[in-house]
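> the sequence and its predicted three-dimensional model are supplied below.
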Amino acid sequence: MLIGPRYKIARRIGPDIFPKTQSPKYALRAGRVIVKGYGRSEFGAQLKEKQRARFSYGLSERQFSRYVKNAVARKGVRDDEALYTELEMRLDNVIYRFGIAPSRQASRQYVSHGHFTVNGTRVNIPSYKTKIGDVIKIRKASEAKTLFVALRDSIRDHQNPVWLRFDLQKVEGTVVGKPKLVRSELPFNIGAILEFYRR
(Lines give C-alpha, C1' and ligand atoms only; values in the text may rest on other atoms or scores of the structure.)
Protein backbone atom coordinates (compact mmCIF):
# COMPACT_ATOMS: atom_id res chain seq x y z
CA MET A 1 0.00 0.00 0.00
CA LEU A 2 1.31 3.45 -0.95
CA ILE A 3 0.83 5.45 2.24
CA GLY A 4 1.94 8.93 1.20
CA PRO A 5 3.57 11.72 3.26
CA ARG A 6 3.83 10.31 6.78
CA TYR A 7 4.46 13.64 8.54
CA LYS A 8 1.26 15.08 7.11
CA ILE A 9 -0.78 11.98 7.99
CA ALA A 10 0.68 11.85 11.51
CA ARG A 11 -0.30 15.46 12.20
CA ARG A 12 -3.86 14.49 11.33
CA ILE A 13 -4.22 11.18 13.20
CA GLY A 14 -1.35 11.09 15.73
CA PRO A 15 2.44 10.56 15.69
CA ASP A 16 2.44 7.05 17.21
CA ILE A 17 1.38 5.37 13.95
CA PHE A 18 4.72 5.41 12.09
CA PRO A 19 8.24 4.84 13.50
CA LYS A 20 9.40 7.79 11.38
CA THR A 21 7.09 10.19 13.22
CA GLN A 22 8.20 9.19 16.71
CA SER A 23 11.39 11.21 16.48
CA PRO A 24 12.65 14.61 17.72
CA LYS A 25 12.80 15.79 14.08
CA TYR A 26 9.08 15.16 13.64
CA ALA A 27 8.23 16.75 16.99
CA LEU A 28 10.13 19.89 15.98
CA ARG A 29 8.33 20.14 12.63
CA ALA A 30 4.92 19.27 14.07
CA GLY A 31 5.23 22.09 16.58
CA ARG A 32 5.41 24.61 13.75
CA VAL A 33 2.60 23.32 11.52
CA ILE A 34 -1.13 23.11 12.14
CA VAL A 35 -3.12 20.71 9.98
CA LYS A 36 -6.89 20.36 9.98
CA GLY A 37 -8.06 17.12 11.58
CA TYR A 38 -11.25 15.09 11.39
CA GLY A 39 -13.51 17.37 13.39
CA ARG A 40 -15.23 16.81 16.71
CA SER A 41 -18.30 14.82 15.64
CA GLU A 42 -18.77 11.17 16.60
CA PHE A 43 -18.40 10.23 12.94
CA GLY A 44 -15.15 12.21 12.72
CA ALA A 45 -13.77 10.50 15.83
CA GLN A 46 -14.64 7.05 14.48
CA LEU A 47 -13.15 7.87 11.08
CA LYS A 48 -9.93 8.99 12.76
CA GLU A 49 -9.65 5.72 14.71
CA LYS A 50 -10.27 3.72 11.54
CA GLN A 51 -7.52 5.65 9.74
CA ARG A 52 -5.13 5.13 12.67
CA ALA A 53 -5.65 1.37 12.53
CA ARG A 54 -5.48 1.25 8.75
CA PHE A 55 -2.21 3.18 8.57
CA SER A 56 -0.77 1.24 11.52
CA TYR A 57 -1.06 -2.00 9.56
CA GLY A 58 -0.39 -0.39 6.17
CA LEU A 59 -3.67 -1.48 4.59
CA SER A 60 -5.82 -0.03 1.85
CA GLU A 61 -9.42 0.86 2.61
CA ARG A 62 -10.59 -2.14 0.61
CA GLN A 63 -8.35 -4.56 2.52
CA PHE A 64 -9.27 -3.12 5.89
CA SER A 65 -13.03 -3.16 5.27
CA ARG A 66 -12.74 -6.79 4.16
CA TYR A 67 -11.08 -7.68 7.48
CA VAL A 68 -13.89 -5.96 9.36
CA LYS A 69 -16.51 -7.78 7.30
CA ASN A 70 -14.84 -11.15 7.96
CA ALA A 71 -14.55 -10.41 11.68
CA VAL A 72 -18.21 -9.45 12.03
CA ALA A 73 -19.27 -12.59 10.13
CA ARG A 74 -17.39 -14.96 12.46
CA LYS A 75 -19.57 -16.85 14.89
CA GLY A 76 -18.66 -17.57 18.49
CA VAL A 77 -16.02 -14.81 18.71
CA ARG A 78 -16.46 -11.17 19.72
CA ASP A 79 -16.17 -8.79 16.76
CA ASP A 80 -13.27 -6.85 18.29
CA GLU A 81 -11.26 -10.00 19.09
CA ALA A 82 -11.91 -11.44 15.62
CA LEU A 83 -10.76 -8.22 13.91
CA TYR A 84 -7.63 -7.98 16.06
CA THR A 85 -6.76 -11.61 15.27
CA GLU A 86 -7.29 -11.05 11.53
CA LEU A 87 -4.87 -8.10 11.58
CA GLU A 88 -2.22 -9.60 13.85
CA MET A 89 -2.01 -13.00 12.12
CA ARG A 90 -0.98 -11.48 8.78
CA LEU A 91 2.47 -12.73 7.79
CA ASP A 92 3.94 -9.23 7.43
CA ASN A 93 2.77 -8.36 10.95
CA VAL A 94 4.16 -11.62 12.39
CA ILE A 95 7.58 -10.87 10.84
CA TYR A 96 7.41 -7.39 12.39
CA ARG A 97 6.41 -8.82 15.78
CA PHE A 98 9.41 -11.16 15.70
CA GLY A 99 11.61 -8.04 15.46
CA ILE A 100 13.07 -9.09 12.11
CA ALA A 101 11.85 -5.90 10.41
CA PRO A 102 11.98 -2.38 11.91
CA SER A 103 8.45 -1.53 10.75
CA ARG A 104 5.40 -3.18 9.22
CA GLN A 105 6.14 -1.42 5.94
CA ALA A 106 9.65 -2.91 5.87
CA SER A 107 8.22 -6.31 6.81
CA ARG A 108 5.75 -6.06 3.95
CA GLN A 109 8.64 -5.45 1.54
CA TYR A 110 10.68 -8.34 2.94
CA VAL A 111 7.77 -10.72 2.43
CA SER A 112 6.93 -9.36 -1.04
CA HIS A 113 10.52 -10.00 -2.12
CA GLY A 114 10.17 -13.64 -1.13
CA HIS A 115 12.67 -13.72 1.74
CA PHE A 116 10.57 -16.06 3.93
CA THR A 117 9.17 -19.56 3.99
CA VAL A 118 6.19 -20.82 5.97
CA ASN A 119 6.43 -24.52 6.80
CA GLY A 120 9.13 -24.86 4.13
CA THR A 121 7.17 -23.16 1.34
CA ARG A 122 8.21 -19.79 -0.01
CA VAL A 123 5.52 -17.14 0.58
CA ASN A 124 5.58 -13.66 -0.96
CA ILE A 125 2.09 -12.50 0.02
CA PRO A 126 2.17 -10.06 2.98
CA SER A 127 -1.49 -10.71 3.80
CA TYR A 128 -0.91 -14.48 4.07
CA LYS A 129 -2.86 -15.62 7.14
CA THR A 130 -0.66 -17.55 9.55
CA LYS A 131 -2.06 -20.16 11.91
CA ILE A 132 -1.00 -21.90 15.10
CA GLY A 133 1.90 -24.25 14.44
CA ASP A 134 3.27 -22.36 11.43
CA VAL A 135 7.09 -22.23 11.31
CA ILE A 136 8.51 -19.15 9.63
CA LYS A 137 12.11 -19.02 8.42
CA ILE A 138 14.33 -16.82 6.32
CA ARG A 139 14.79 -18.48 2.93
CA LYS A 140 18.19 -20.12 2.47
CA ALA A 141 19.00 -17.90 -0.51
CA SER A 142 18.26 -14.78 1.56
CA GLU A 143 20.28 -15.59 4.68
CA ALA A 144 23.46 -13.94 3.35
CA LYS A 145 21.72 -10.69 2.44
CA THR A 146 22.71 -7.56 4.35
CA LEU A 147 19.21 -7.36 5.86
CA PHE A 148 19.70 -10.59 7.81
CA VAL A 149 23.45 -11.02 8.37
CA ALA A 150 23.40 -9.55 11.89
CA LEU A 151 19.89 -10.73 12.73
CA ARG A 152 20.82 -12.79 15.79
CA ASP A 153 22.47 -9.78 17.44
CA SER A 154 19.74 -7.31 16.50
CA ILE A 155 16.86 -9.37 17.93
CA ARG A 156 18.64 -11.03 20.85
CA ASP A 157 16.89 -8.77 23.39
CA HIS A 158 13.64 -8.39 21.47
CA GLN A 159 10.52 -9.30 23.45
CA ASN A 160 8.05 -11.33 21.41
CA PRO A 161 4.33 -11.38 22.20
CA VAL A 162 3.37 -14.52 24.15
CA TRP A 163 1.68 -16.03 21.09
CA LEU A 164 4.97 -16.09 19.14
CA ARG A 165 8.24 -17.91 19.85
CA PHE A 166 11.57 -17.29 18.13
CA ASP A 167 14.47 -19.75 18.23
CA LEU A 168 17.74 -17.79 17.93
CA GLN A 169 19.83 -20.90 17.28
CA LYS A 170 17.68 -22.09 14.39
CA VAL A 171 16.75 -18.52 13.40
CA GLU A 172 13.12 -19.50 12.98
CA GLY A 173 9.87 -18.36 14.48
CA THR A 174 6.76 -20.30 15.40
CA VAL A 175 3.17 -19.20 15.90
CA VAL A 176 2.30 -20.90 19.20
CA GLY A 177 -1.05 -19.29 19.96
CA LYS A 178 -3.44 -16.52 19.04
CA PRO A 179 -3.02 -12.86 19.91
CA LYS A 180 -4.98 -11.69 22.93
CA LEU A 181 -6.77 -8.38 22.62
CA VAL A 182 -5.91 -5.86 25.32
CA ARG A 183 -7.72 -2.68 24.32
CA SER A 184 -5.64 -0.43 26.56
CA GLU A 185 -2.48 -1.43 24.66
CA LEU A 186 -3.82 -0.56 21.19
CA PRO A 187 -2.88 2.73 19.50
CA PHE A 188 -6.48 2.99 18.25
CA ASN A 189 -10.02 2.46 19.53
CA ILE A 190 -11.19 -0.82 18.00
CA GLY A 191 -14.74 -0.36 19.30
CA ALA A 192 -15.07 2.98 17.49
CA ILE A 193 -13.83 1.32 14.28
CA LEU A 194 -16.52 -1.35 14.44
CA GLU A 195 -19.16 1.30 15.10
CA PHE A 196 -17.93 3.23 12.05
CA TYR A 197 -18.55 0.22 9.79
CA ARG A 198 -21.94 -0.53 11.35
CA ARG A 199 -23.33 2.80 10.16
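Cool, the structure landed.

> only C-alpha atoms from now on, for both contacts and neighbour counts.
Noted.

> in the chain, which helix has the most residues?
helix 42-57 (DSSP state H).

> give me the buried positions along it.
Buried positions in helix 42-57, judged by neighbour count with 16 or more other Cα atoms under 10 Å: 45-57.

> now the residue positioned nearest the centre of the chain: closest residue in space that isn't a chain neighbour?
For the chain, the residue nearest the mean C-alpha position is Y57 (3.7 Å; Cα atoms, centre = their mean). Spatial nearest neighbour of Y57, chain neighbours left out: R104 (6.6 Å); criterion: Cα to Cα, 6 or more residues apart in numbering.

> tally of neighbours for that neighbour?
22 (other Cα atoms under 10 Å).

> what's the answer for V123, then?
By other Cα under 10 Å, the residues close to V123 number 19.

> where does the nearest residue to it once chain neighbours are set aside land on pLDDT?
Distances taken as Cα to Cα, 6+ apart place T117 nearest to V123, at 5.5 Å, with adjacent residues excluded. T117 carries a pLDDT value of 98.

> residues contacting T117?
Taking Cα atoms under 8 Å, 6 or more residues apart in numbering, we find T117 in contact with V123, I136, K137, I138, R139.

> which residues in this structure form helices?
Under DSSP H, the chain gives helices at 6-13, 24-30, 42-57, 61-73, 79-88, 91-98, 104-112, 146-149, 151-155, 190-198.

> any chance of those helices in TSV, with distance to T130 and mean pLDDT too?
As requested, the helices of the chain are exported to TSV (distance: least, Cα to Cα, whole Å; pLDDT from 0 to 100):
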stretch	distance to T130	mean pLDDT
helix 6-13	28	64
helix 24-30	34	54
helix 42-57	16	93
helix 61-73	14	96
helix 79-88	9	97
helix 91-98	6	98
helix 104-112	13	96
helix 146-149	22	91
helix 151-155	21	91
helix 190-198	22	95
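
> P179: which of these is closest?
helix 79-88 (6.1 Å; Cα to Cα).

> next, the angle from the closest one to helix 190-198.
Orientation of helix 79-88 against helix 190-198 (axes from the mean of the first three to the mean of the last three Cα atoms, to 10 degrees) gives an angle of 100 degrees.

> good, wrapping up.
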